[in-house]
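Asker: Sequence plus predicted model, see below.
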Amino acid sequence: MDKLKRVLSGRDAEEPSRLTEVIEATSLGWGTRVKGFVACFAIGCLCSLLGSCLLWVPRKGLMLFAVFYTLGNIASIGSTLFLMGPMKQLKKMFEPTRLIATIVMLLCLVLTLCSAFWWRKEGLALLFCILQFFALAW
């Protein structure tokens, strides 16, 4: 009955939905965002550096490099999620000017892991790591 009175009197302000409440409750402050960015970016750099060091391990070195390099790239991309937010990040990644680079990058991430684990083709894994680098630079 109270809602009917509010509607009829013109005072019916939309009540926030559950999703809006959750988003507002979980939004991070700027300091927390910067800390999350730094942590993820440091983990990404560490994984990439570790992968480069593991490249020289006999027999499994190239596979370890491909895996750690890919994980490092994923963590580095994830670090910008803290600064921009997930939806804004996805919108920017899939803008028409960045669409091809994003598709190539995501495809190379998947293909690197496939070539390292399922196909066991170390040369392909290395090629896809190089393509990941160029897609990120693009």
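Answerer: Alright, I've got the coordinates.

Asker: Any stretches of the chain with poor pLDDT?
Answerer: 1-26 (pLDDT under 70).

Asker: I'd like to know how far Q132 sits from T112.
Answerer: 7 Å (C-beta to C-beta, to the nearest Å). In short, each C-beta sits where N, CA and C put it, glycine included.

Asker: If you could redo that for W30, that was the one I meant.
Answerer: Taking C-beta to C-beta, one finds W30 at 34 Å from T112.

Asker: Who has more neighbours out of these two?
Answerer: T112 (25 against 8; other C-beta atoms under 10 Å).

Asker: How about the contacts made by the more buried one?
Answerer: 66, 69-70, 125, 128-129, 132 (C-beta atoms under 8 Å, 6 or more residues apart in numbering).

Asker: 10 Å instead, please
Answerer: 65-67, 69-70, 73, 124-132 (C-beta atoms under 10 Å, 6 or more residues apart in numbering).

Asker: can you check S27 too?
Answerer: S27 neighbours (C-beta under 10 Å, 6+ apart): 33, 85.

Asker: now do L126
Answerer: Each residue near L126 by C-beta under 10 Å, 6+ apart is listed here: 55, 62-63, 65-66, 69, 112, 115-116.

Asker: Top of the contacts of T112 by number of neighbours, please.
Answerer: Highest neighbour count within the contacts of T112: Y69, with 29 neighbours (other C-beta under 10 Å).
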